[in-house]
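Return atomic coordinates for the entry below.
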Amino acid sequence: MDPRIQELLDEREIRRLLAEYAHGCDRCDEALMASVYAEDSWDDHGLNKATGPEFARIMTQEIIPATCETLSHLLGQSLIELDGDAARAETYYLAVTLSTVDGVPMCNQLGGRYVDRLERVGGRWEVKHRVCMRDWSVSLEVKADSFANSQLTLGRRDAEDAGVKTMRLAHRG
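Coordinates of the predicted model:
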């Protein structure tokens, strides 16, 4: 195969893996989040440092449901460098949460980068080591919700979520 085609395929698979992580995190799907990591991986998310599968458990079972109503990731550009069955990636993200702090609804925004080392294991890319970088953040009190009466379908964190159903994803967590 032309090496340029293989490079395109590898980059596409890595970008898909990053999107699966974000989807799993946003939908509180521990199994999907954990599936992007190598078994012996490490994730450094500041106060939460753990193996990838353990980090997925911490996020979905302890932090997200207890502290925020919603979480949405927007992934930006990725720089991906391939070296055979190893890769390095830096991916920009914007994470937005809606939470209630001391009875006050807050919109929390975090912008930064995921800096990853990845490995291809058994033909599949996995995150081996991740550092979550914070470039900026802001928290704003929510004084009004302009879309509260818009009749838009609400996102859910279970198998009944419209995106989970449409994409035929098995919400496993």
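
which ones are touching the spatially most central residue of the chain?
Nearest residue to the geometric centre of the chain (C-alpha atoms, centre = their mean): residue 22, 2.3 Å. With contact set as C-beta atoms under 8 Å, 6 or more residues apart in numbering, residue 22 has these partners: 73, 75, 93. Just so you know, the C-beta spots here come from the backbone N, C-alpha and C atoms, and that holds for glycine as well.

As a markdown table, the residues you listed with pLDDT, secondary structure and neighbour count would be great.
Listed next are those as a markdown table, based on pLDDT from 0 to 100; DSSP: H, G, I helix; E, B strand; the rest coil; neighbours: other C-beta atoms under 10 Å:
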| residue | pLDDT | secondary structure | neighbour count |
| --- | --- | --- | --- |
| 73 | 97 | strand | 18 |
| 75 | 98 | strand | 16 |
| 93 | 98 | strand | 20 |
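
ranges for the helices of this protein?
3-26, 30-35, 52-58, 64-67, 162-166 (DSSP state H).

residues of the lowest-mean-pLDDT helix or strand in the chain that come out buried?
Ranked by mean pLDDT, DSSP states H and E, the weakest helix or strand in the chain is helix 64-67, scoring a mean of 76. For helix 64-67, the neighbour count (16 or more other C-beta atoms under 10 Å) marks residue 64 as buried.

Contacts for that helix next, please.
The contact list for helix 64-67 (C-beta under 8 Å, 6+ apart) reads 25, 28, 71, 97, 99, 157.

and the fourth one, how many neighbours?
In this case it means residue 97. 18 (other C-beta atoms under 10 Å).

so what's it bridging to?
Beta bridges link residue 97 to residue 71, residue 108, judged by DSSP bridges.

Now render the helices of the chain as TSV, adding distance to residue 144.
As requested, the helices of the chain are exported to TSV (distance: least, C-beta to C-beta, whole Å):
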stretch	distance to residue 144
helix 3-26	24
helix 30-35	33
helix 52-58	33
helix 64-67	22
helix 162-166	25
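
least reliable of these going by mean pLDDT?
Lowest mean pLDDT within these: helix 64-67, a mean of 76.

Distance from that helix to the middle of the chain?
Average the C-alpha atoms of helix 64-67, do the same for its chain, and the two points are 15 Å apart (C-alpha atoms, centre = their mean, to the nearest Å).

Can I get that helix as CSV, trimmed to CA atoms?
Taking C-alpha atoms only, helix 64-67 is exported to CSV below (Å, rounded to 0.1, in the frame of the first residue of the first chain):
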residue,chain,number,x,y,z
ILE,A,64,-19.5,14.1,36.2
PRO,A,65,-22.8,13.1,37.7
ALA,A,66,-22.0,14.7,41.1
THR,A,67,-20.9,18.0,39.8
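
Having no further points to raise, I will conclude here.
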